[in-house]
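S.K.: 3D, please:
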Amino acid sequence: MPESLVPGTPQTWKVTTLGELCASGGGNIQTGPFGSQLHAADYVTQGIPSVMPQNIGDNVIKEEGIARIAPEDAFRLEKYLLAPGDIVYSRRGDIEKRALVRETQRGWLCGTGCLRVRPGVGANSEFISYYLGHPSVREWIVKHAVGATMPNLNTKILSSLPVSVPPLNEQVSIASTLGALDNKITVNKQIVSTYESLLATEFEQLIRIEAGAEQDIALANEFVEFNPKYQKPSDPTSRHVNMAALPTSSARVHTWDFRKPTPGTRFQNGDTLLARITPCLENGKTAFVDFMDDNETGIGSTEFIVMRSLPGVPQHFSYLLARNKRFREHAISNMIGTSGRQRCPADRLPGFSMKRPDPTELERIGKDSDVAFAHMRSLDSEAYILAELRDTLLPKLISGELRVKDAEKRVSDAV
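M.R.: Below is the predicted model of the structure:
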């Protein structure tokens, strides 16, 4: 019998392996299709989503930018289709991440480069997904992965993973408690996404050039300053934001560090950071800076273009422009350099043309964006705090150190 990976696990909890647990419930652990079964030419614009390693978030599947296959290929690869309660892992790279499959993802494909864990009726799948997020379990997975430079995961390794499971009713209670936090986080993110979509639509109407209509045309540099000049930070350390910190579909930066000021782009609150290098530009990496102290200057990647709304222009104008589809297409079409290292020069962006915004409409979108961004910041901060609470409670509940009733009180107060 394997030993529990989680210290302090109650003796009443069953200790088995993930492979045995799945087999006992009629499930299994299997890889996704090999590359020979699904070629690059098989992917389509509209079709069945195929979950790849880059789509695996923190126990969620990220649909943005997901690849798709034709229904006939999904039928051909039926044994690899996902069902609610499945758990998806990446086979290589960031092998600690896993994602629970929800009802809305039924029939999606476990793509190439992924592994599918199907607990079946052997345990509560949501509980198992949280168990797999325990720090000790993640550490075990990394330790047992194969490959020196690029860690790899396979069915044999996952099958031998020790699993500690309480009685089913307690599994359900633990999963429900942690799930309440995740549900609230999801709702917050959905509201933020809705704000982003509404503002994007409103902004496009503001600057869209109508074919065949007489319109006053303006250039981007009449409203936005590109790469504004800031003094080098005088403090021994400054806030630094790297490329990985930029989101692809929302405004806020969550991670940064403090280090000795180095060469790079400089920015302050109210600026927009736009990734200019491939594939980050194409992937949408963009952020609005709202996490600095007053008059503080931060340092960013040399692959950022900094955009700042000019005086008299709504402060979020630069961000809404950077997110605008036509503006991004303009930036991408102006990339230069060798394949794989192309980048957009900052001097190609000021000449972007658009309809001159009506002053009244410009003022209105300024007010709308101020309200929206204030609420988005509140929702985002709350989601971050809830995620921290979830990550604090998870190991305590999984180890039995904290009883469900005690955790429920903390969750109830938070949500």
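S.K.: All the helices of the stretch 151-300 of the chain, residue numbers only.
M.R.: 155-159, 168-207, 280-283 (DSSP state H, counting those that start in this stretch).
S.K.: whoops, I mixed them up, the stretch 301-415 of the chain
M.R.: 317-323, 325-333, 359-399, 404-414.
S.K.: How about residues contacting the last one?
M.R.: Where contact means C-beta atoms under 8 Å, 6 or more residues apart in numbering, the residues beyond helix 404-414 that reach it are 170, 173-174, 177, 180-181, 184, 385-386, 389, 393, 396-397. Just so you know, the C-beta spots here come from the backbone N, C-alpha and C atoms, and that holds for glycine as well.
S.K.: Sheet partners, orientation included, of the lengthiest strand in the chain?
M.R.: What stands out as the longest strand in the chain, according to DSSP state E, is strand 43-51. Counting by DSSP bridges, the strands paired with strand 43-51 are strand 67-69 (antiparallel), strand 109-110 (parallel).
S.K.: quick revisit: buried ones among the contacts of helix 404-414?
M.R.: Buried members of the contacts of helix 404-414, counted by 16 or more other C-beta atoms under 10 Å: E170, S173, I174, T177, A180, L181, K184, L386, L389, L393, L397.
S.K.: Mind putting these into CSV with distance to S301 and pLDDT?
M.R.: Below are these laid out as CSV (distance: C-beta to C-beta, whole Å; pLDDT from 0 to 100):
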residue, distance to S301, pLDDT
E170, 47, 93
S173, 45, 94
I174, 40, 94
T177, 39, 94
A180, 37, 93
L181, 32, 94
K184, 33, 94
L386, 29, 93
L389, 31, 93
L393, 35, 93
L397, 38, 92
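S.K.: if I look at the closest residue to F352 other than its chain neighbours, how far off is A346?
M.R.: Distances taken as C-beta to C-beta, 6 or more residues apart in numbering place A220 nearest to F352, at 4.1 Å, with adjacent residues excluded. Distance, A220 to A346, using C-beta to C-beta, to the nearest Å: 11 Å.
S.K.: in stretch 20-38, what's buried?
M.R.: L21, C22, A23, G25, G27, I29, T31, G32, P33, L38.
S.K.: Tell me, how many residues neighbour N283?
M.R.: N283 has 15 neighbouring residues, counting by other C-beta atoms under 10 Å.
S.K.: just A374 next, same as before
M.R.: Using other C-beta under 10 Å, A374 has 11 other residues around it.
S.K.: swap in A70?
M.R.: Counted with other C-beta under 10 Å, A70 comes out at 14.
S.K.: So it versus L81, what's the distance?
M.R.: From A70 over to L81 (counting by C-beta to C-beta), the distance is 14 Å.
S.K.: pLDDT weak spots in this structure?
M.R.: 1, 415 (pLDDT under 70).
S.K.: domains of it?
M.R.: Structural domains annotated on the chain: 14-165, 205-357, as defined by the TED database.
S.K.: So what's the gap between the longest one and the chain middle?
M.R.: It refers to domain 205-357. On the basis of C-alpha atoms, centre = their mean, to the nearest Å, domain 205-357 sits 20 Å off its chain's mean C-alpha point.
S.K.: that older thread, mind listing what the residue nearest to F352 touches?
M.R.: F226, L321, F327, L349, P350, G351, F352, S353, M354.
S.K.: that older thread, and the domains of the chain as CSV, adding distance to L402?
M.R.: Converted to CSV, those look like this (distance: least, C-beta to C-beta, whole Å):
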stretch, distance to L402
domain 14-165, 13
domain 205-357, 26
